[in-house]
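Asks: Please find the sequence and the predicted model below.
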Amino acid sequence: MHPDSNESPSRDRLAVHTITTKPWALPIAADRYAASGVTGMSIWVEAIEGMSNAEVRDIVNTSGLKVPALVRGGFFCDPDANERISRIENNRKLIETAAEISAEMLVLVVGATPGEPLELQRQWVREGIEALIEDAQSHNVQLAIEPLHPMYASDKSCINRMAEARAICESVRNPWVGIAVDVYHTWWDPDLENEIRLAGELNALFGFHLCDWRVPTRDFLNDRGLMGDGCIDIRGIRRMVEAAGFSGWNEVEIFSDEHWAGDQQVFLDKIIDRYSDC
């Protein structure tokens, strides 16, 4: 599709994160997504707790859904060097899980430790990612750094702008390392269009996550909006990533106490309608 087109993207690129319909267990989510014409399902690690990789793979295969991503790895930041090594080992296991369930990438929420210099923490993140590249390549799993909104800089992510994620990609210069662009976390950035272009030149645009920023926002974690219910120029950002060469999945990722409390099938139907509209 030409990036200037006003046409709605086809549903063959639509994926939904399991966290979006959190009340549904994985088998139900997979069944309902497939029945509704959704073609991809990004799986959160919380959704597969207590399940073997074989069980998850069987659910995925039965549904016919593709798995754009396993969400979330990362969390590299800790002042204790032994703890950082332990976290790298955990990410190695997640890469193996991603490969066994046919996930294209492992999304990395890189972590943060209150009180530690952000530049030092970004060094820990780079070192952690570098330690995982061989595993990612051998398992055919991409590593997608997800910048989080600056409100999470203290304790969830020391990578808050596309520029910081791109700097790591430029440092490691490896085709298995790229960026997941979440509109909720990046829409405010005045350099967003240029940073998306630069990431595209690096072939580092791996993921694209959709939701909306409610006005007013009642909770900064669990009050994301359905596309069209907020202030994000979703169509405009979609054009930016496509102009930069992105042709991957459009992944709906909505944290919402309001929507989780309702009928999940009604919510899924609304997601599909809004995906076409927005």
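Replies: In hand now; what should we look at? Numbers count the residues shown, from 1 in each chain.

Asks: how about the helices of the stretch 1-150 of the chain, start to end?
Replies: 26-35, 53-63, 81-100, 118-139 (DSSP state H, counting those that start in this stretch).

Asks: contact partners of the first one?
Replies: Outside of helix 26-35, the residues that reach it under the criterion Cβ atoms under 8 Å, 6 or more residues apart in numbering are 16, 18, 21, 24, 41, 43, 47-48, 51, 56, 59-60, 62-65, 264-265, 268. Yep, even glycine has a C-beta here, placed from its N, CA and C like the rest.

Asks: Distance to residue 253 and mean pLDDT added to the helices of the stretch 1-150 of the chain, as TSV?
Replies: What follows is these, written out as TSV (distance: least, Cβ to Cβ, whole Å; pLDDT from 0 to 100):
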stretch	distance to residue 253	mean pLDDT
helix 26-35	13	98
helix 53-63	18	98
helix 81-100	17	98
helix 118-139	21	98
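
Asks: Next one, pLDDT for residue 12 please.
Replies: Note on residue 12: pLDDT of 86.

Asks: related to what we said a few turns ago, mind putting the helices of the stretch 1-150 of the chain into CSV with mean neighbour count and distance to residue 110?
Replies: CSV is the format used below for those (neighbours: other Cβ atoms under 10 Å; distance: least, Cβ to Cβ, whole Å):
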stretch, mean neighbour count, distance to residue 110
helix 26-35, 19, 26
helix 53-63, 16, 24
helix 81-100, 17, 10
helix 118-139, 18, 4
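
Asks: Out of these, flag the one nearest residue 188.
Replies: Proximity to residue 188, assessed across these by Cβ to Cβ, is greatest for helix 118-139 (18.3 Å).

Asks: quick one: contacts of the closest one?
Replies: In contact with helix 118-139 (Cβ under 8 Å, 6+ apart) are residues 74, 76-78, 84, 87-88, 91-92, 95-96, 98-99, 106, 108, 110-113, 141-143, 145, 153, 158-159, 164, 167-168, 171-172, 174, 176-177.

Asks: what about dumping the CA coordinates of that helix to PDB?
Replies: Provided in PDB are the C-alpha atoms of helix 118-139 (Å, rounded to 0.1, in the frame of the first residue of the first chain):
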ATOM      1  CA  LEU A 118      20.500   6.800  32.700                       C
ATOM      2  CA  GLU A 119      23.600   6.800  30.500                       C
ATOM      3  CA  LEU A 120      25.000   4.000  32.600                       C
ATOM      4  CA  GLN A 121      21.800   2.000  32.400                       C
ATOM      5  CA  ARG A 122      21.700   2.400  28.600                       C
ATOM      6  CA  GLN A 123      25.200   0.900  28.600                       C
ATOM      7  CA  TRP A 124      23.800  -2.100  30.500                       C
ATOM      8  CA  VAL A 125      21.100  -2.400  28.000                       C
ATOM      9  CA  ARG A 126      23.500  -2.400  25.100                       C
ATOM     10  CA  GLU A 127      25.700  -5.000  26.700                       C
ATOM     11  CA  GLY A 128      22.700  -7.200  27.500                       C
ATOM     12  CA  ILE A 129      21.500  -7.000  23.900                       C
ATOM     13  CA  GLU A 130      24.900  -7.700  22.500                       C
ATOM     14  CA  ALA A 131      25.100 -10.800  24.700                       C
ATOM     15  CA  LEU A 132      21.900 -12.100  23.100                       C
ATOM     16  CA  ILE A 133      22.600 -11.500  19.400                       C
ATOM     17  CA  GLU A 134      24.100 -14.900  18.800                       C
ATOM     18  CA  ASP A 135      21.100 -16.600  20.400                       C
ATOM     19  CA  ALA A 136      18.700 -14.500  18.400                       C
ATOM     20  CA  GLN A 137      20.400 -15.300  15.200                       C
ATOM     21  CA  SER A 138      20.700 -19.000  15.900                       C
ATOM     22  CA  HIS A 139      17.000 -19.200  16.800                       C
END
